[in-house]
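Trainee: Requesting a structural model of the entry that follows:
(2 chains)
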Amino acid sequence: MTHSSRAATFVADADRTTWHDETLWFVRQKRDKAVYAVPEFQDLRELASQIKEHTLSRLDEYLQQFEAKAQRNGVHVHWAADAQEHNAIVLDIIRRHNATRVVKSKSMLTEECHLNPHLIGHGIEVIDTDLGERIIQLREEAPSHLVLPAIHLKKEDVGATFHLHLGTEKGNHDPQQLTEAARQHLRAKFLAAEVAISGVNFAVAETGGVVICTNEGNADLGVNLAQVHIASMGIEKLIPRLSDLGVFTRLLARSATGQPVTTYTSHYTKPAEGREMHIVIVDNGRTQQLGRPDFRASLKCIRCGACMNTCPVYRRSGGHSYDFTVPGPIGAILSPNIDLKKHSSLPFASTLCGSCTDVCPVKIDIHVQLYKWRQVLTEAGEIPAAKKWSLKFMGRFLASPKAFGIGGKVARTGLRLLPYQLTHAKAFNAWAVARELPEPPKQSFREWYARTVE
Amino acid sequence: MRVALFIPCYVDQFYPQVGIASLQLLQKLGVQAHFPAQQTCCGQPLANSGCEREALPIYHHFVDTFQDYDYVVAPSGSCVYHVRKHFDKLEQTAPVQKVRAATYDLIDFITQVLDITELPGQFPHKVGLHLSCHGQRGLHQANESEMTPVRDGQLRRLLSSLDGIELTELDRNDECCGFGGTFCVSEEAISARMGQDRVQDHLRNGTTILTGGDMSCLMHLQGIVRRRQLPMKVLHAVEILNGTRF
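Mentor: Just a heads-up that it's a prediction; the model follows:
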């Protein structure tokens, strides 16, 4: 399956597409308003970009500094080369505490590692506590957005899901009542949990602490109630100093949802007395991306989702059309690093309009990287053969003025003389499915010029 | 000043009137542009599809064709952006560097090189300006809504100087139309939907003449306008600026 085939399925439901597009555009507009109100916003972007670039250039040193500080704070630090190691480490910690009940706050890294199925397979109950995450967990779906994991669902969908799983009244899709049902359901899970797993938004090398940003406070509820806190972070989450943090917290929420700051920005530096805190530092393909100069900057991403909200393709094709943990433009440059073959259509799921690059709070050159991935994919033989051969032919044709002149004339004449049903046959002319072909003129510009001017 | 006119391949074949208007407008502004007959294409369709290597002979041909001119002017921001940005794949010989620096979008050439910000003429119509992404974000021809709420740009200013013209205020100022080169075929469903939404924004806000600086986006939008038989005409901005009347 390619992005285009999955996208075609999504867009076939025209009303849902309109709703999806407008909902995300609303978030983009909220972001714009919040950004316009900060005169130094572009300077902040530049600063954030430079801090991240600097950090990536000495990532090894900062990781070691972070580990040493965290250990001094009484935190257990683990290193995982890949998803499998990460999941094994997490399961091991849970087992050592004879725990079976786990609450998890939103973490794209644990999604990426497929932690939930792993734990569930070993008899652990793992409950996602972010409302959107919980909804899709009940539906056994993947998140379709970084920040708004259930944005592909309408309140009617949520009502039906809650009726099925939480016993709410059939046909009730009042957001307030559904939220209350989720609150009651989750409260019991929070109180019973023995272990709390969280993601990490920022890890501060200077202090060895981690910072978690949520709007629902669910990470805090989980961490403060459970005996054990496991924080999973990718190696790229580091920032050097605590004083750098303000640059990112000012950018993150504004770019994500248009809020000045997330409702909760919590710092976890050491375990409370009698409790345990673990940090699992995960690579899972990140050092490989770090070693690709053209794509290294993708590791600057702070997961705000702004590129998705602005992307005209994402808004109309939905997050699931990308079939990767991180969807949208940023996902399309992260995914080929993980599996070039499987995700080979994603860098082509863009018009290269560049809005993603302009909106990115850490100035990742997203559309430039999409263009570069296309070249890599072609060189690796991962574009459809028919496309490759027709473009090869086109290359020969366009390098020869003579062939171009004759070929153009033949095409125009053909278009004029052939029956409409043939030139606009939807079966083999994708252009004609929704669009008219241009009306072919009798003479090209070059013919006109030769006759009139020369 | 030796000025060459570069007419993109599809404009040459399907929109000769845009080439003619470009030539005539330059002439009115005192520039005698020459059209080198051996020109073909900038190679963008291949490169954007991942076939940059296959496009190299086209790049070489482009440089050979235009290296003796002081300026290469094209009515298409997208092709110009491609020459400026992606000809970095060639060995940067003196002719390559010269051609990359000398290649201008027609609107930029008028406003930046000729330093003209107003044009005489009248166009008493409700005109919707489609900002093309490569021109706007690639060549910085207009403000991006990601940065500022101020709607401004070279083409907007030039059009505004015409008597009687009224520019449409769109709900989404600079959203992509969905053309995207071969994207329009490989992702036909999304491409069409984006174009339909774009046209709808213009229709909702009263556009009767839809225009822009890039014929490729306009070809896609025109295809939708004609399929839906909408009361809207599609013209390249140079046709309006050159005095085409309706």
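Trainee: Wait, residue A:249 touches residue A:260, no?
Mentor: No: in this structure, residue A:249 is not within contact of residue A:260 by CB atoms under 8 Å, at 9.5 Å. Placement of C-beta: from N, CA and C, glycine included.
Trainee: and the two? which has more neighbours close in?
Mentor: residue A:249 (18 against 11; other CB atoms under 10 Å in any protein chain shown).
Trainee: Per-residue pLDDT of the more buried one, please?
Mentor: Per-residue confidence at residue A:249 stands at 98 (pLDDT).
Trainee: and what of residue B:246?
Mentor: pLDDT at residue B:246 comes out at 62.
Trainee: Equivalent analysis for residue A:263, please.
Mentor: 97.
Trainee: count of residues packed around it?
Mentor: For residue A:263, using other CB under 10 Å, the count is 11.
Trainee: and the closest residue in space to it that isn't next to it in sequence, how many residues sit next to it?
Mentor: Of all residues not flanking residue A:263 in the chain, residue A:215 sits nearest, at 4.5 Å (CB to CB, 6 or more residues apart in numbering or on different chains). By the criterion of other CB under 10 Å, residue A:215 has 16 neighbours.
Trainee: mind listing what residue A:215 touches?
Mentor: A:257, A:259, A:262, A:263, A:264 (CB atoms under 8 Å, 6 or more residues apart in numbering or on different chains).
Trainee: next one: phi and psi at it?
Mentor: phi -100, psi -10 (degrees, to the nearest 10).
Trainee: in chain B, which spans are helices?
Mentor: For chain B, the helices defined by DSSP state H occupy B:9-14, B:16-28, B:44-48, B:52-66, B:77-86, B:94-102, B:106-108, B:133, B:154-160, B:183-186, B:188-204, B:215-227, B:237-241.
Trainee: With residue A:452 as the reference, name the closest of the ones you listed.
Mentor: helix B:16-28 (8.5 Å; CB to CB).
Trainee: Which positions within the closest one qualify as buried?
Mentor: B:16, B:17, B:18, B:19, B:20, B:21, B:22, B:23, B:24, B:25, B:26 (16 or more other CB atoms under 10 Å in any protein chain shown).
Trainee: Distance from that helix to the middle of the chain?
Mentor: Chain-centre distance of helix B:16-28: 14 Å, with CA atoms, centre = their mean, to the nearest Å.
Trainee: Check which helices and strands it is in contact with.
Mentor: Applying 3 or more CB pairs under 8 Å, 6 or more residues apart in numbering or on different chains; DSSP states H and E, one finds that helix B:16-28 makes contact with helix A:445-452, strand B:3-5, helix B:9-14, strand B:33-34, helix B:106-108, helix B:237-241.
Trainee: Lowest mean pLDDT among the helices and strands of chain A, which one is it?
Mentor: helix A:385-398 (a mean of 81; mean pLDDT, DSSP states H and E).
Trainee: who touches the following helix or strand past it?
Mentor: Downstream of helix A:385-398, the first helix or strand assigned by DSSP states H and E is helix A:401-417. Contact partners of helix A:401-417, identified using CB under 8 Å, 6+ apart, comprise A:396-398, A:423, A:437, A:440-441, A:444, A:446-447, B:9, B:12-14, B:37-41, B:61.
Trainee: now the angle from helix A:401-417 to helix A:385-398?
Mentor: Angle of helix A:401-417 versus helix A:385-398, following axes from the mean of the first three to the mean of the last three CA atoms, to 10 degrees, is 120 degrees.
Trainee: In helix A:401-417, which residues are buried?
Mentor: Here helix A:401-417 shows A:401, A:404, A:405, A:408, A:409, A:412, A:415 as buried, counting by 16+ other CB under 10 Å.
Trainee: Could I get the full set of strands for chain A?
Mentor: For chain A, the strands defined by DSSP state E cover A:76-80, A:101-104, A:125-128, A:195-198, A:202-204, A:209-214, A:228-234, A:238-239, A:264-268, A:276-282.
Trainee: Within its sheet, name the partner strands of the shortest one and how each one runs.
Mentor: Using DSSP bridges, the strands paired with strand A:238-239 in its sheet are strand A:202-204 (parallel).
Trainee: Minimum distance to residue A:198: which of the helices and strands packed on helix B:16-28 has it?
Mentor: Using CB to CB, the nearest of the helices and strands packed on helix B:16-28 to residue A:198 is helix B:106-108, at 50.5 Å.
Trainee: name the helices or strands packed onto the closest one?
Mentor: Helix B:106-108 packs on helix B:16-28, helix B:77-86, helix B:154-160, going by 3+ CB pairs under 8 Å, 6+ apart.
Trainee: What is the burial count for residue 237?
Mentor: In the absence of a named chain, this looks at chain A. 24.
Trainee: You answered for a different chain; I wanted chain B.
Mentor: Using other CB under 10 Å: residue B:237 sits among 26 other residues.
Trainee: which one is it nearest to, not counting chain neighbours?
Mentor: In space, residue B:237 is closest to residue B:211, 4.9 Å off (CB to CB, 6+ apart).
Trainee: what's the angle between the least confident helix or strand of chain A and helix B:52-66?
Mentor: 10 degrees.
Trainee: Any buried residues in helix A:385-398, and which?
Mentor: In helix A:385-398, counting by 16+ other CB under 10 Å, buried: A:387, A:388, A:391, A:394, A:395, A:397, A:398.
Trainee: do the same with stretch A:337-352
Mentor: Those would be A:337, A:338, A:343, A:344, A:345, A:346, A:347, A:348, A:349, A:350, A:351, A:352, for stretch A:337-352 by 16+ other CB under 10 Å.
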